[in-house]
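[1] only geometry, no sequence info:
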């Protein structure tokens, strides 16, 4: 049924249709309305046979999900940002134990400095934890990906994070087609665990593994994710056949076939990029896009196939590995490793801590990639003026003070100057 | 695509207003995207919300920098923020106030817009009269429908009914209708032409 609905609410309804049996959540910031919606649905009896457990921390939320999943229940939780960090140990345990938990990540930045806004730092902090990670472009896809995520997780007995841009998607009200219970039931079979804690047939889960088998356990974990490279497109195709929508899959392309410059990006940013591409194409600039849905497993071969014919690849990402550059760009490099005549890869760091990414800025950076390509990471819309002032200050004064506070003070001064001069900075 | 930016103060319901416009447009079979400007929510602090309406899927996720219409829930905001920033030369301006645009010292802005594209509406007063509380949303949305013709009053009423319990909805619809009809009868705006 078509609804004009807040993203979080749409996801809650989709998750409810997946018949979760245990939902654990820590209900305060950084949390989304998703678990609020689910809590209400459980209380009203709209999700049958489901227990909603309010816990005392994110660490408890995931630990409880681990217990529930090991006992054979379909388990769900959600978090973001610092909440995910507080879960970290349990995040690795869930995947190491091979438990098919589904978790929504309403992507947000990580402090310090304190910041509640959207970027992909949280997802990146756990991208090598053994969870699969799928990124949604729209709220429709966010809803749909949850339905596919439960099937994928349970087929492989491996947890899945559905990554949804915090605020930009979770708080946006837009059109979402919510499937029927009958259709979801037909797509997602009841959970049949491969391992289960059952008092009548006791086993142990979570043994200590020494050097004799640790590598093999890890290898099999990695192998399972390579199987997902086949399953993700298969489940997306089945989803399309039943629901009529292109949601999920490893990646999608937009006007990329004859493109000289191909952008690679993840999440809601892809919509703004598509509008920018249409404008540039109208001016005769041959640009295209690869939207990555799956970040883990990383679709190395599928991506290589889409990129090899381009001259330039511009990776635009909402995350920064400090001291290295863009983690997604780094992964894209991997897809082009040892390829003769591979396109040049240019990295753009954008939208950190919620900074809006506008078409105007994208036009600038994409034209720049064609005219004056660069090697290292480029920071979109970086305020070079206050950066230069701060660097100068740090060189001059030993006790230069906290960076964040210094920058805020400089921004304030700039605003005062522009108010006096009556112009824009 | 028609883009609306709503300026209000925390607690006045700017986010709800954007959502209700989007629901009204959705009910007319169109695509709509409503979203808040994200920040710390404090009562009384300046807040912004956005709504895009189009006949095709809306992919754009940037904030609305060049609105086709501005809805201002509190006229004191003009002194605090650059409310009119980016407003298109063909745009609309709707301000909640029982004073005239000239009395609000908005003459210069009004002159830049086509005749009949800028209006004040006593939305808080209408809300007090019809709902008993000074929430200006419903009356502003009724006025918006009359001024721009982008959505129909019936769709605004339906959106209000979807959002509020029956009794509260009835008062809000009365406020929206009163604001709408006052503008239509004054011969200003799209509804007067239609």
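    Cool, the structure landed. Because the structure is predicted, anything quoted here is derived from the model rather than measured.
[2] check whether residue A:104 sits in a helix, strand or coil.
    Going by DSSP: H, G, I helix; E, B strand; the rest coil, the secondary structure assigned to residue A:104 is strand.
[3] so for it, what's the pLDDT?
    Reading off the per-residue confidence, residue A:104 sits at a pLDDT of 98.
[4] list the beta-bridge partners for it.
    When bridges are called by DSSP bridges, residue A:104 pairs up with residue A:78, residue A:162.
[5] didn't it look like it was pressed against residue A:162?
    Yes: the pair residue A:104 and residue A:162 passes the contact test of Cβ atoms under 8 Å, sitting 5.1 Å apart. In short, each C-beta sits where N, CA and C put it, glycine included.
[6] any common contacting residues for those two?
    Between them, residue A:104 and residue A:162 share these contacting residues under Cβ atoms under 8 Å, 6 or more residues apart in numbering or on different chains: residue A:146.
[7] contacts only, for residue 97.
    I went with chain A, as the question did not name one. With contacts taken as Cβ under 8 Å, 6+ apart, residue A:97 has the following neighbours: A:66, A:70, A:205-206.
[8] was after chain B, sorry
    Taking Cβ under 8 Å, 6+ apart, we find residue B:97 in contact with B:75, B:104, B:120-122.
[9] what pLDDT does the model give residue A:423?
    44.
[10] whoops, I mixed them up, residue A:96
    In this model, residue A:96 is scored at 97, pLDDT.
[11] and what of residue A:27?
    Per-residue confidence at residue A:27 stands at 83 (pLDDT).
[12] next one: it from chain B, what distance?
    Using Cβ to the nearest Cβ, to the nearest Å, we find residue A:27 at a distance of 17 Å from chain B.
[13] what is the nearest of the contacts of residue A:97 to residue A:132?
    Nearest to residue A:132 among the contacts of residue A:97 is residue A:66, at 16.4 Å by Cβ to Cβ.
[14] make a markdown table out of the contacts of residue B:97 and add distance to chain A.
    Rendered in a markdown table, the data for these read as follows (distance: Cβ to the nearest Cβ, whole Å):
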| residue | distance to chain A |
| --- | --- |
| B:75 | 21 |
| B:104 | 21 |
| B:120 | 27 |
| B:121 | 24 |
| B:122 | 28 |
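[15] and those residues, which of them are in helices?
    Secondary-structure check on the contacts of residue B:97 using DSSP state H: no residue lies within helices.
[16] in strands, which of the residues you listed fall?
    Per DSSP state E, strands hold the following members of the contacts of residue B:97: B:120-121.
[17] let's see if you can find the most crowded of the contacts of residue B:97.
    residue B:121 (26 neighbours; other Cβ atoms under 10 Å in any protein chain shown).
[18] how about that one, what does it touch?
    For residue B:121, the set of contacting residues under the criterion of Cβ under 8 Å, 6+ apart consists of B:94-97, B:139-140, B:143, B:179, B:182-183.
[19] can you put the residues you listed in CSV and add secondary structure?
    Formatted as CSV, the entries for the contacts of residue B:121 read as follows, by three-state DSSP:
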residue, secondary structure
B:94, strand
B:95, strand
B:96, strand
B:97, coil
B:139, helix
B:140, helix
B:143, helix
B:179, helix
B:182, helix
B:183, helix
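[20] residue A:186: which of these is nearest?
    Within those, proximity to residue A:186 (Cβ to Cβ) peaks at residue B:140, which comes in at 45.3 Å.
[21] now residue 90, nearest residue through space, not along the chain?
    No chain specified, so I'll use chain A. Of all residues not flanking residue A:90 in the chain, residue A:62 sits nearest, at 3.9 Å (Cβ to Cβ, 6 or more residues apart in numbering or on different chains).
[22] can you look at chain B instead?
    Excluding its sequence neighbours, the residue lying closest to residue B:90 (Cβ to Cβ, 6+ apart) is residue B:114, at 6.3 Å.
[23] again, but for residue A:206
    Using Cβ to Cβ, 6+ apart, the closest residue to residue A:206 is residue A:97 (6.0 Å).
[24] my read is that the residue nearest to residue B:90 contacts residue B:93, right?
    No: counting by Cβ under 8 Å, residue B:114 does not reach residue B:93; the two are 10.8 Å apart.
[25] same drill for these two, tell me which one is more crowded.
    Remark: of residue B:114 and residue B:93, residue B:93 carries more neighbours, 23 against 10, as counted by other Cβ under 10 Å.
[26] the more buried one is in what secondary structure piece?
    Here residue B:93, judged by DSSP states H and E, is contained in strand B:92-96.
[27] would you indicate which residues of the following helix or strand past that strand are buried?
    Stepping forward along the backbone from strand B:92-96, the first helix or strand reached (DSSP H and E) is helix B:107-112. By neighbour count, and taking 16 or more other Cβ atoms under 10 Å in any protein chain shown as the criterion, the buried residues in helix B:107-112 are B:109-110.
[28] show the average pLDDT along helix B:107-112.
    Mean predicted confidence for helix B:107-112 is 93.
[29] which outside residues touch it?
    Outside of helix B:107-112, the residues within contact range by Cβ under 8 Å, 6+ apart are B:84, B:87, B:89, B:93, B:101, B:118.
[30] test my guess that residue B:50 contacts residue B:35.
    Yes: at 5.5 Å, residue B:50 and residue B:35 qualify as touching, with contact defined as Cβ under 8 Å.
[31] what residues are shared contacts of these two?
    The contact sets of residue B:50 and residue B:35 overlap at residue B:18 (Cβ under 8 Å, 6+ apart).
[32] what parts of chain B come near chain A?
    Within chain B, the positions near chain A by Cβ under 8 Å from any Cβ of the partner chain are B:18-19, B:22-23, B:26-27, B:31-36, B:38, B:40, B:58-63, B:65.
[33] can you give me the strands for chain B?
    Counting by DSSP E, the strands of chain B are B:2-9, B:31-36, B:46-54, B:69-72, B:92-96, B:118-121.
[34] show me what the fifth one packs onto, helices and strands only.
    Packed against strand B:92-96 by the contact rule (3 or more Cβ pairs under 8 Å, 6 or more residues apart in numbering or on different chains; DSSP states H and E) you find strand B:69-72, strand B:118-121, helix B:137-148.
[35] tell me which residue lies nearest the centroid of chain B.
    Relative to the mean C-alpha position of chain B, the nearest C-alpha, by Cα atoms, centre = their mean, is the one of residue B:71, at 4.0 Å.
[36] quick check: longest helix of chain A.
    Of all segments of type helix in chain A, defined using DSSP H, the longest is helix A:214-243.
[37] that helix - contacts with which helices or strands?
    When contacts are defined as 3+ Cβ pairs under 8 Å, 6+ apart, helix A:214-243 sits against helix A:81-96, strand A:132-135, helix A:139-156, helix A:181-187, strand A:294-296.
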